[in-house]
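Chemist: have a look; sequence and predicted model below, questions after that.
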Amino acid sequence: MALDSTPTPTETRVRLKDGGYAVLTLADVAVAALHTPEDDKYDVLAVVGGKNVPAIVLVRNALAGQDPWNTNVAEMALHDLGLKVLVRRRFDNATGEPVRLTREQINNSST
């Protein structure tokens with residue numbers, strides 16, 4: 001079995017809330033992780049240096065305060081850089097079933 005020898009990129013592009021783009025580097029993420037506290041109120045966390053930090057806050061800090069377009073953009077950027085991302089699953093309190101979004105809700109969530 002051949003091993004995938006594609007190296008993990010050290011930078012990626014991130015779409016911003018203002019419609020522009022910024023370059024997110026692995027080095028910037030590592031430095032930002034040192035100053036980003038763990039916070040379990042967020043549903044998407046990145047694992048960096050043994051800490052579970054909010055993905056959106058981590059990317060915002062790594063981009064010197066520029067806001068990523070949304071949490072999914074932040075999550076994908078961190079994934080592109082080779083970081084593990086944890087996503088909390090929501091359950092309906094009444095039924096105990098996992099919450100499932102409709103296609104319309106999913107499509108409208110990124111606008």
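Modeler: Arrived safely. Numbering: from 1, shown residues only.

Chemist: Arg88: what's its closest spatial neighbour, skipping adjacent residues?
Modeler: Leaving out its chain neighbours, the residue that sits closest to Arg88 by CB to CB, 6 or more residues apart in numbering is Asp43, at 4.2 Å. Quick note: C-beta positions are derived from backbone N, CA and C, even for glycine.

Chemist: and stretch 15-26, what's its mean pLDDT?
Modeler: Average pLDDT, stretch 15-26: 97.

Chemist: end-to-end on it?
Modeler: Across stretch 15-26, the terminal residues are separated by 16 Å (CA to CA, to the nearest Å).

Chemist: off-centre distance for it?
Modeler: Relative to its parent chain, stretch 15-26 has a centroid offset of 13 Å by CA atoms, centre = their mean, to the nearest Å.

Chemist: please apply the same query to stretch 28-47.
Modeler: That offset, for stretch 28-47, works out to 9 Å (CA atoms, centre = their mean).

Chemist: in it, what's buried?
Modeler: 28-29, 32-33, 36, 42, 44-46 (16 or more other CB atoms under 10 Å).

Chemist: if we can go back for a sec, local confidence estimate at the residue nearest to Arg88?
Modeler: 87.

Chemist: so who does it touch?
Modeler: With contact set as CB atoms under 8 Å, 6 or more residues apart in numbering, Asp43 has these partners: 71, 87-88, 90.

Chemist: with distance to Leu78, secondary structure and neighbour count added, can I get these in TSV?
Modeler: TSV is the format used below for those (distance: CB to CB, whole Å; DSSP: H, G, I helix; E, B strand; the rest coil; neighbours: other CB atoms under 10 Å):
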residue	distance to Leu78	secondary structure	neighbour count
Thr71	11	helix	18
Val87	12	strand	11
Arg88	16	coil	9
Arg90	21	coil	11
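
Chemist: okay, strands next: where are they in this protein?
Modeler: With DSSP state E applied, the chain shows strands at 11-15, 21-25, 44-48, 51-54, 84-87, listed in chain order.
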